[in-house]
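> Would you be able to build a 3D model of this:
(chains A and B)
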Amino acid sequence: MDSPSVSEPVLRVRGLTQRYGDLTVIDGLDLDVPPGTAVALVGPNGSGKSTLLRCLTGLDSAAAGTVELDGRPLDERAVATRRALAVVTDDLDFFPDLSVVEHLDLVASAHGVDDVHAAVDEVLSAIGLSAQAGQLPGTLSSGQRRRLALATVFVRPRRLMVLDEPEQRLDTDGVAWLGDRLRADVDAGAALVFASHDPDLVERVADTVLDLGAS
Amino acid sequence: MTAVPDLVGPVAGDPAGARELRADIRHWRRGRVSTSWLEAAQDAYVAVFATLMIGAMAGNVVLHLRRMAVDECVAAACRTGRATAPWLAVPVVLALVVAAARLVGPVSVTPAVASWVLPAPTDRAAVLRPRLVTAVAAATVSAALVSGLAAAVAGVPVAVTASLAVGTAALAGGAVGFCAWAQARHEGVSRAAGGSLAGLAWLVLVFLAVGRVPPPPSPSTGVWTAALVAVTAASILALVGGWRALAVVPGRSVATAGALAPSLSGALAAMDLALIWDVLHARRWRSRGWVRPLRGRWRGPLALAERDLARLRRKPSLLVTPAAALVVPYVGATLGGQRVVVFLAAMTGFVACLGLFSGIRVLRRTSILERCLPLQPAEAGLAAIAVPMLVVLAWGLAVAPALHGVPSGLAGLVAGLAATTACVRWMVARPPDYRMPLVSSPGGAIPPALIGALFRGLDVILLTTGPLLLVPTENGALVSLLVGGLTLSVLLSRRP
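As a prediction, the model looks like this:
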């Protein structure tokens, strides 16, 4: 694998520790993610991948340590953080009365994307949801809902992507497309941290692999 | 050539009947009973004692209200309203019964029965009959109680109260039977029936508002008896229709209605009323499935507001309830409600316009959607309520002429703002937190917020309209607007 770029990291983690009662899930983790770099988190279930991602994105408070985004403490409440950080975790929620394309229009418009319709149509087509553009989320299959959540990442500007098992519930073609798309984004300068159980996806996308299950 | 058998697999005789299946289930449950007879008797004693105590207290309250109504509601307009109320209660109760019946089926089965019993070659009607009986019993008892209460509080004679209660109960039972028939044959018919009943109630309100309500009937005993017999006969006919239609009711229909039960009962047990709204909202749109996409054009926070415009364009019927509810404050004014009509208007606006605030509800029930948007909480919140708030404020101005005794334009704005704040309060409230310290209650330990959940919305309406109610002047209205604005900004700036 290529060595990461030496430029200033987008994401800097120092001494991150997370505990659940007496159980220490993450112990003093240091991590730098420069622009144009993809870091994959691997390890068995319960090894702390999702916990780490939730701490990195501010969804959970760490017991100790610091997380910085572009040199500033990461505060998921700050607008600047939301502009830069695109997150997809396992928890999905949608407006029951807005269609697939309307969700994407909303996210792209809120981020001030120049040509919203073109950007959304391109992602819809690429992610294989064009035929479901008018479908309401309640009737989508779990794989389609996952695609929709991933599409919200790609219709908006992003500096750091944090994805928890993005390949989950996608079919083979979907995973292949996702790998290409993520790699293209990273090559274009975005930073990526993702947890995955798919060795092919990790091999294809990641510059650095962090094995949380290794003793 | 070898003959192909009709069925493959183990050899089977006649399928088990519904009665046998029920007996089996009862037998299995009996084997798992963990309550002794003594404990059951103690529970029964507590239940009977509590019912008597609460019944006595409720009876006292009703008698007190009845005395108040008779002694204090003596103006001609008020007396007319009082005399009309029991009759108005009949279509209102029936419309509610039809709405509730359509919501739960009225015939529904639990997901377990839908998965295990309905696919079996048993007599489906026999499985469903007890469900219909339960629904009919619940409807008749509730209808009798509500109708009897309305008549009792209005101060009408006891014989009329009893006749109205019995008649409404019979009609409610018939309405459930009719809904069961419609569930099996044409579901749209029950919707139309519910709409017609609501329309009838609304017409009575309009007549009340303009002071032209015809005097309620005061029939002789013979006519009462004949009317009750006719109503009961019609209801029995409807019930027979529903009973017979059970044999052909689609399994999908009874299973879909039953699938709601676990979610609704869970939300009710936690007194999370907004969660009930979530379940019903999601179900309504899931049944629609597809929509014609309305592409967004506005940028930044306005994109959220544009979605609310799209909602109104997609479902203009969202405005029907607020439009119909405009009449209520005018009724209050006609009946001599004086300054209290501001409070009544705010409450009516709150209940009627709640459905417009679905955007903020979904945005705030978790942090998932909000974190996709580069907006401050207050900014996102304000954008998500901008369109509904404008509608509710316009609604407030439309009822302003009914708000006598106070500067009416400002009072209309106060009513609109109070209703908006109440809707937002209801929609963004957090569910009861069972991790916090609990307080003891006769029903066991409960989170303190559980009791408040019932009065959510009412609290901010009292807070906002309070200054105007106490000081019915321009200054009072301005203070009310200030209080309402501050409350709204606090609610919007809270994070999910």
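> Report the contact partners of A:Pro137.
A:Phe94, A:Phe95, A:Pro96, A:Leu98, A:Val100, A:His103, A:Arg145, A:Leu148 (CB atoms under 8 Å, 6 or more residues apart in numbering or on different chains). Every C-beta, even on glycine, is put in place using the N, C-alpha and C of the backbone.
> Burial check on the closest residue in space to A:Val101 that isn't next to it in sequence, number of neighbours?
Once flanking residues are discounted, A:Val101 sits nearest to A:Ala133: 4.1 Å by CB to CB, 6 or more residues apart in numbering or on different chains. By other CB atoms under 10 Å in any protein chain shown, the residues close to A:Ala133 number 20.
> Could you look up the next helix or strand downstream of the longest helix along chain A?
Longest helix of chain A, by residue count under DSSP state H: helix A:172-187. Note on helix A:172-187: by DSSP states H and E, the next helix or strand toward the C-terminus is strand A:191-195.
> Could you list the buried residues of the very next helix or strand once past that next one?
Using DSSP H and E, the helix or strand that follows strand A:191-195 in sequence is helix A:199-205. With burial defined by 16 or more other CB atoms under 10 Å in any protein chain shown, the residues of helix A:199-205 counted as buried are A:Leu201, A:Val202, A:Arg204, A:Val205.
> Retrieve the pLDDT associated with the residue nearest to A:Val101.
The model reports A:Ala133 with a pLDDT of 94.
> shouldn't it be in contact with A:Leu98?
No. Applying CB atoms under 8 Å as the test, A:Ala133 and A:Leu98 come out as separate, 11.6 Å apart.
> Could you measure from B:Arg365 over to chain A?
7 Å (CB to the nearest CB, to the nearest Å).
> Can you give me the neighbour number for that residue?
B:Arg365 has 21 nearby residues by other CB under 10 Å.
> And for the one 4 residues further on?
When counting by other CB under 10 Å, one arrives at 23 neighbours for B:Leu369.
> just B:Ile25 next, same as before
B:Ile25: 14 surrounding residues under other CB under 10 Å.
> cool, A:Thr57 as well?
For A:Thr57, using other CB under 10 Å, the count is 23.
> pLDDT wise, what is it at?
90.
> what sits against it?
Residues near A:Thr57 by CB under 8 Å, 6+ apart: A:Leu74, A:Glu76, A:Leu85, A:Val87, A:Thr89, A:Val162.
> what's the model's confidence in stretch A:155-173, averaged?
Stretch A:155-173 shows a mean pLDDT of 91.
> First-to-last residue distance for that stretch?
20 Å (CA to CA, to the nearest Å).
> What are the buried residues along that stretch?
Buried residues in stretch A:155-173, counted by 16+ other CB under 10 Å: A:155-156, A:158-168, A:170.
> Stretch A:187-202 now?
Of the residues in stretch A:187-202, A:Ala190, A:Ala191, A:Leu192, A:Val193, A:Phe194, A:Ala195, A:Ser196, A:Asp198, A:Leu201, A:Val202 count as buried by neighbour count, 16+ other CB under 10 Å.
> Can it be said to contact chain B?
No. Figure legend: stretch A:187-202 not in contact with chain B (CB under 8 Å from any CB of the partner chain); closest approach 15.9 Å.
> can you list the residues that contact that stretch?
Contacts of stretch A:187-202 (CB under 8 Å, 6+ apart): A:9-11, A:33-42, A:49-50, A:52-53, A:56, A:158-167, A:175, A:178-179, A:182, A:185-186, A:205-206, A:209.
> For it, list the C-alpha coordinates in PDB.
Taking C-alpha atoms only, stretch A:187-202 is exported to PDB below (Å, rounded to 0.1, in the frame of the first residue of the first chain):
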ATOM      1  CA  ASP A 187      -7.600  10.400  -4.900                       C
ATOM      2  CA  ALA A 188      -9.400  13.700  -5.400                       C
ATOM      3  CA  GLY A 189      -8.200  14.700  -1.900                       C
ATOM      4  CA  ALA A 190     -10.900  13.600   0.500                       C
ATOM      5  CA  ALA A 191      -9.900  11.800   3.700                       C
ATOM      6  CA  LEU A 192     -11.700   8.600   4.600                       C
ATOM      7  CA  VAL A 193     -12.100   6.500   7.700                       C
ATOM      8  CA  PHE A 194     -14.200   3.400   7.300                       C
ATOM      9  CA  ALA A 195     -14.900   0.200   9.200                       C
ATOM     10  CA  SER A 196     -15.400  -2.900   7.100                       C
ATOM     11  CA  HIS A 197     -15.600  -6.700   7.100                       C
ATOM     12  CA  ASP A 198     -15.000  -6.900   3.400                       C
ATOM     13  CA  PRO A 199     -11.300  -7.700   2.700                       C
ATOM     14  CA  ASP A 200     -11.700  -6.800  -1.000                       C
ATOM     15  CA  LEU A 201     -13.100  -3.400  -0.300                       C
ATOM     16  CA  VAL A 202     -10.400  -2.700   2.300                       C
END
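> would you say A:Val209 is within a helix?
No. Going by DSSP: H, G, I helix; E, B strand; the rest coil, the assignment for A:Val209 is strand, not a helix.
> My guess is it contacts A:Thr37. True?
No. Shown here, A:Val209 and A:Thr37 do not form a contact pair, counting by CB under 8 Å, at 11.9 Å.
> who's in contact with A:Val25?
A:Gln18, A:Arg19, A:Gly48, A:Thr51.
> And the pLDDT for whichever residue of the stretch 1-150 of chain B sits closest to chain A?
Proximity of the stretch 1-150 of chain B to chain A (CB to the nearest CB) peaks at B:Leu103, 16.9 Å away. In this model, B:Leu103 is scored at 88, pLDDT.
> Could you pick out the buried ones from the contacts of A:Pro137?
A:Phe94, A:Phe95, A:Pro96, A:Leu98, A:Val100, A:His103, A:Arg145, A:Leu148.
> Just those residues: which are in helices?
Among the buried ones among the contacts of A:Pro137, the members falling in helices (DSSP H) are A:Val100, A:His103, A:Arg145, A:Leu148.
> give the contact list for the second one.
What that stands for is A:His103. A:Phe94, A:Phe95, A:Pro137, A:Leu148, A:Thr152.
> Include pLDDT and distance to B:Gly195 when you put those into CSV, please.
Output for the contacts of A:His103, formatted as CSV (pLDDT from 0 to 100; distance: CB to CB, whole Å):
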residue, pLDDT, distance to B:Gly195
A:Phe94, 93, 30
A:Phe95, 94, 27
A:Pro137, 93, 29
A:Leu148, 94, 35
A:Thr152, 94, 38
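> Report how many residues lie close to the residue in the stretch 301-450 of chain B positioned nearest to chain A.
Nearest residue of the stretch 301-450 of chain B to chain A (CB to the nearest CB) works out as B:Ala303 at 3.5 Å. Look at B:Ala303: counted by other CB under 10 Å, it has 23 neighbours.
> Thanks again, I'm all set now.
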